[in-house]
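Asker: Dropping the sequence and predicted coords here.
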2 protein chains.
Amino acid sequence: MQLLSEREADPLDSARGHATRQATERLRELILDGGLAPGSRISERMVQERYGISRTPLREALKILSVEGLVAIYPNRGAVVALLSLEELQAAFELLAALDGAAGELAADRASDATIAEIAALHDEMVRHYEARQLQDYFRVNKAIHLAIVDAAANPAISRVYRSESARVDRYRYRGNRDPGVWARSIRQHEQILDALRMRHGALLRETLVSHRRSGFDLARRVLDEDLAHMPNQAVVPVNEPAPGAGRD
Amino acid sequence: MQLLSEREADPLDSARGHATRQATERLRELILDGGLAPGSRISERMVQERYGISRTPLREALKILSVEGLVAIYPNRGAVVALLSLEELQAAFELLAALDGAAGELAADRASDATIAEIAALHDEMVRHYEARQLQDYFRVNKAIHLAIVDAAANPAISRVYRSESARVDRYRYRGNRDPGVWARSIRQHEQILDALRMRHGALLRETLVSHRRSGFDLARRVLDEDLAHMPNQAVVPVNEPAPGAGRD
DNA sequence: GCGGCAACGATTGCATGCAAACTTTGCGGA
DNA sequence: TCCGCAAAGTTTGCATGCAATCGTTGCCGC
């Protein structure tokens, strides 16, 4: 399967030098959008046949995703979509809380008035989605608000780690909130967050963000429990070699 | 160059399934120990000839290191050892401060008495190296103390990010402290840190760690400035394509 | 019937070849 | 002398082949 033939068919996507990048993004999307369920094997042959990505760039992509924590590679035995244990989920949320808090404190100092106005606009949009009970839109804007605050800290290292860690747990974050009371409380927390940001009160913004994140963990924990319950026993971690160095944390 | 011949020569190192891992660790060590200077090119041919690593595992290793931030890959133009700008150094230290603080707060709750005793022993050892003005030993134990506190938080995600980010800036951390006054102040800060940990006073431990980290940045900033001054113009970032996605932050 | 083992098929790990992109060198013109 | 350009040389990107390992199936002995 020559890429040359593909290049004819889709000249935009397959310029030389982008096969690995494409493979990485493709797989990442598949994992994050649920196209590849946690625990499922990623066979090199399967990916090659279904997505026309040859093995070398695919293997490089898998190595990248394993560092990001989205897949686990077991030597001589292939890669599987990473599966979080409850302990790992809690660890990820504690890390995210630290990042939220630190970024909030920095953002209170560094965010421009325009940025704060944009975040306020996102907040209003989110509230509208809440009032209309539009869950998907609500989640999308909610996520954008937190990202905007982190980015307002003007710290690329924090933003990078936040995005990467956030991606690992998003699956468990954006499925809770069915309970009206919980949802309402989340809205109230967001109001406090916005107030603290508007006041540029760094310490307060940190506190509200951290406590908001803690609530988020309570929800995610339930989602994970459900997932584990609904999973018969199919993909409960390959045996033998505990894990490769470049695999899990 | 067949690996088979090498396997005969060194059967321990070259079991199948470990070439990429070996390449990654070898390169990481080289970069961290200064064997490969920041900004220097990593030619695939050069590595292949000098270390007997064939190109496929080498390329996978470079992809891994680029996610870790130790190398930057420029498409079609190869990889270079990552070079930090002042802004990136500051961002890294802010991230490390956040991790130190969060880990400290967790560690104050979670560390066992035995772990605290171990950290106290390390502290005493460090003070002895300080009194003997043994800079290298002092740095080594200093680093071990901070790692031990982070690990005492019992959060693998935080430990993982801390190690990775720490590695990126270690070059700039462990060369300052020539000034006796600065060195003495660092010792005093460490005493406060140990006191807070012994008291299991989470908030205080957080504060002392964050402020200690801030002092660390002031030193590192000077080291980076020196480095940049001493660097004629040789490796001041490849031109053209700003950077690949999998390169820098 | 069940546990262990051997052969087979499937899958990964890695070395390498070829083509594209980049870099350098050398030349001609201004 | 210096700039621009073209050809040669170098280096990277990727596809693929071969060998080693893993998983499975079927068989034999108990």
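Answerer: Noted; the coordinates are in hand.
Asker: same for the longest helix along chain A, what does it pack against?
Answerer: Looking across chain A with DSSP state H, the single longest helix is helix A:202-230. Identification of packing neighbours for helix A:202-230 by 3 or more CB pairs under 8 Å, 6 or more residues apart in numbering or on different chains; DSSP states H and E yields helix A:86-110, helix A:156-173, helix A:180-199. The C-beta positions use only the backbone N, C-alpha and C, and glycine is treated the same way.
Asker: which one of those helices is the most hemmed in?
Answerer: With neighbours taken as mean count of other CB atoms under 10 Å in any protein chain shown, those reach their highest mean count in helix A:86-110, at a mean of 23.
Asker: got the contact list for the helix or strand following it?
Answerer: Next helix or strand after helix A:86-110 toward the C-terminus (DSSP states H and E): helix A:113-131. Residues outside helix A:113-131 that contact it (CB atoms under 8 Å, 6 or more residues apart in numbering or on different chains) are A:111, A:137-138, A:141-142, A:144-145, A:148-149, A:152, A:183, A:187, A:190-191, A:194, A:197-198.
Asker: what does stretch A:180-193 rub up against?
Answerer: Contact partners of stretch A:180-193, identified using CB under 8 Å, 6+ apart, comprise A:104, A:123, A:126-127, A:130, A:142, A:145, A:149, A:176-177, A:205, A:208-209, A:211-212, A:215, A:219.
Asker: which of those are buried?
Answerer: A:104, A:123, A:126-127, A:130, A:142, A:145, A:149, A:176-177, A:205, A:208-209, A:212, A:219 (16 or more other CB atoms under 10 Å in any protein chain shown).
Asker: For residue B:56, find the nearest of the helices and strands packed on helix A:202-230.
Answerer: The closest of these to residue B:56 is helix A:156-173. By CB to CB, the value is 25.6 Å.
Asker: now the angle from the closest one to helix A:86-110?
Answerer: Calculated by axes from the mean of the first three to the mean of the last three CA atoms, to 10 degrees, helix A:156-173 forms an angle of 130 degrees with helix A:86-110.
Asker: got the buried residues for stretch A:23-35?
Answerer: Buried, per 16+ other CB under 10 Å, within stretch A:23-35: A:23, A:24, A:26, A:27, A:28, A:30, A:31.
Asker: nearest to DNA strand C, of the residues you listed?
Answerer: The nearest member of those to DNA strand C, counting by CB to the nearest atom of the strand, is residue A:27 at 13.2 Å.
Asker: List the buried residues for stretch A:128-141?
Answerer: Neighbour-count burial for stretch A:128-141, counted by 16+ other CB under 10 Å, picks out A:129, A:130, A:138, A:139, A:141.
Asker: Measure how buried the residue nearest to residue A:54 when sequence neighbours are not counted is and give me the count.
Answerer: Spatial nearest neighbour of residue A:54, chain neighbours left out: residue A:48 (6.3 Å); criterion: CB to CB, 6 or more residues apart in numbering or on different chains. Here the number of neighbours of residue A:48 (other CB atoms under 10 Å in any protein chain shown) works out to 14.
Asker: which ones are touching residue A:165?
Answerer: Taking CB under 8 Å, 6+ apart as the test, what residue A:165 contacts is A:69, A:92, A:95, A:96, A:99, B:157, B:161.
Asker: follow-up on the earlier one: so how far is the longest helix of chain A off the chain centroid?
Answerer: Offset of helix A:202-230 from its chain centre (CA atoms, centre = their mean, to the nearest Å): 14 Å.
Asker: Next: stretch A:166-185.
Answerer: Per CA atoms, centre = their mean, the centroid offset for stretch A:166-185 relative to its chain is 13 Å.
Asker: what mean pLDDT does it have?
Answerer: Stretch A:166-185 shows a mean pLDDT of 86.
Asker: try stretch A:93-104
Answerer: Stretch A:93-104 comes out with an average pLDDT of 98.
Asker: Put the alpha carbons of that stretch into CSV.
Answerer: Extracted C-alpha coordinates of stretch A:93-104, given in CSV (Å, rounded to 0.1, in the frame of the first residue of the first chain):
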residue,chain,number,x,y,z
PHE,A,93,-7.6,14.9,39.4
GLU,A,94,-5.2,15.9,42.1
LEU,A,95,-2.8,16.9,39.4
LEU,A,96,-5.4,18.9,37.5
ALA,A,97,-6.5,20.6,40.8
ALA,A,98,-2.9,21.7,41.3
LEU,A,99,-2.7,23.0,37.7
ASP,A,100,-6.1,24.7,38.0
GLY,A,101,-5.1,26.4,41.2
ALA,A,102,-1.7,27.6,40.1
ALA,A,103,-3.0,28.7,36.7
GLY,A,104,-5.9,30.6,38.4
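Asker: anything in that stretch sitting right up against chain B?
Answerer: Yes. Against chain B, stretch A:93-104 shows contacts by CB under 8 Å from any CB of the partner chain at A:94, A:95, A:97, A:98, A:99, A:101, A:102, A:103.
Asker: about what we covered before: can you redo the contacts of residue A:165 as CSV with distance to DNA strand C?
Answerer: Compiled in CSV, the contacts of residue A:165 are given as follows (distance: CB to the nearest atom of the strand, whole Å):
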residue, distance to DNA strand C
A:69, 18
A:92, 26
A:95, 28
A:96, 31
A:99, 32
B:157, 24
B:161, 25
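Asker: Just name the closest of those residues to DNA strand D, please.
Answerer: Out of those, the member with the shortest distance to DNA strand D (by CB to the nearest atom of the strand) is residue A:69, at 21.8 Å.
Asker: Kindly report the residues of chain A close to DNA strand C.
Answerer: Within chain A, the positions adjacent to DNA strand C are A:15-17, A:41-45, A:55-56, A:59, A:73, A:75-79 by CB under 7 Å from any atom of the strand.
Asker: in stretch A:39-49, what's buried?
Answerer: Going by neighbour count (16+ other CB under 10 Å), the buried part of stretch A:39-49 is A:39, A:42, A:44, A:47.
Asker: From those, which land in helices?
Answerer: Per DSSP H, these map to helices at A:44, A:47.
Asker: Now the two most distant members of the buried residues of stretch A:39-49.
Answerer: The widest separation within the buried residues of stretch A:39-49 (CB to CB) is 17.7 Å, between A:39 and A:44.
Asker: ok now stretch A:20-28, how far from the chain's centre?
Answerer: On CA atoms, centre = their mean, the centre of stretch A:20-28 falls 16 Å from the chain's centre.
Asker: show me where pLDDT drops low in chain A?
Answerer: A:1-17, A:176-177, A:231-249 (pLDDT under 70).
Asker: coming back round to it: of the contacts of residue A:165, closest to residue A:166?
Answerer: Nearest to residue A:166 among the contacts of residue A:165: residue A:96, at 6.5 Å, using CB to CB.
Asker: What is the burial count for residue A:19?
Answerer: 21.
Asker: how near is it to residue B:44?
Answerer: Remark: distance between residue A:19 and residue B:44 (CB to CB, to the nearest Å) = 17 Å.
Asker: again, but for residue A:206
Answerer: Taking CB to CB as the measure, residue A:206 falls 46 Å from residue B:44.
Asker: try residue A:195
Answerer: Distance of residue A:195 to residue B:44, given as CB to CB: 54 Å.
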